[in-house]
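S.K.: build me a model:
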Amino acid sequence: MKRLLAAMAAALILPACGGGPSGQKTQTPTPGDPGIETLPDEGREHVPLGTPIVYQTDPPTSGPHYEEIVQEGGFFDHDILAPYLVHSMEHGGVIIYYSPAVTDDQLKELRDLVKGHTDRYSQIVCLPRNDATYPIILTAWDHRLRLTEYDKDRIDGFVALFLGQGPEKEPM
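M.R.: Now for the predicted structure:
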């Protein structure tokens, strides 16, 4: 039984050991989906609420963010300021942006995915974004996956890789 479980784990993990597309600048090999980008870390500075912040990536994947306030996990139908989302990613959160091109059935799948992932150190935040090119964008600390079409397997794979993996871990 142990060998069977080990073989099953290897079958799931080994395909996730590939790197990014050729020519893509990555800091480290990116496991799993070749569309996952590993982006430069913009730091983790906590700044006072209301401080203007300019991020080098859109949507942001790291950088300064508002102190004390971590965006709670959940499914939202309104915009949320980036510094709150960045703080969520620092705590291990995954952000999923969806565009109006996402169908009602796909939105239901996203709502179901968010359920059970609202913990402060491993939350999923799902919110709207108007993007004609990428109907789904996922971000985690220093990582981004932009999808030109809804793909549940790729979404689940990104969440499995990065949920709970932010640089600020839950205190022991």
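S.K.: need the helix or strand of this protein with the lowest average pLDDT.
M.R.: helix 2-13 (a mean of 34; mean pLDDT, DSSP states H and E).
S.K.: partners of the following helix or strand past it in the sheet?
M.R.: Counting by DSSP states H and E, the next helix or strand C-terminal to helix 2-13 is strand 37-38. According to DSSP bridges, strand 37-38 has the following sheet partners: strand 143-147 (antiparallel).
S.K.: contacts for the partner strand?
M.R.: 30, 33, 35-39, 57, 59, 61, 133-139, 154-155, 158, 161-162 (C-beta atoms under 8 Å, 6 or more residues apart in numbering). For the C-beta atoms, the positions are set from N, CA and C on the backbone; glycine is no exception.
S.K.: show me where the protein has helices.
M.R.: 2-13, 82-90, 104-114, 152-162 (DSSP state H).
S.K.: which of these is buried the deepest?
M.R.: When the helices of the chain are scored by mean count of other C-beta atoms under 10 Å, the highest mean neighbour count falls to helix 82-90 (a mean of 23).
S.K.: tilt between that helix and strand 143-147?
M.R.: Inter-element angle recorded for helix 82-90 and strand 143-147: 110 degrees (by axes from the mean of the first three to the mean of the last three C-alpha atoms, to 10 degrees).
S.K.: neighbours around D151, how many?
M.R.: Using other C-beta atoms under 10 Å, the number of residues around D151 comes to 16.
S.K.: chain neighbours aside, what residue packs nearest to it?
M.R.: I136 (7.6 Å; C-beta to C-beta, 6 or more residues apart in numbering).
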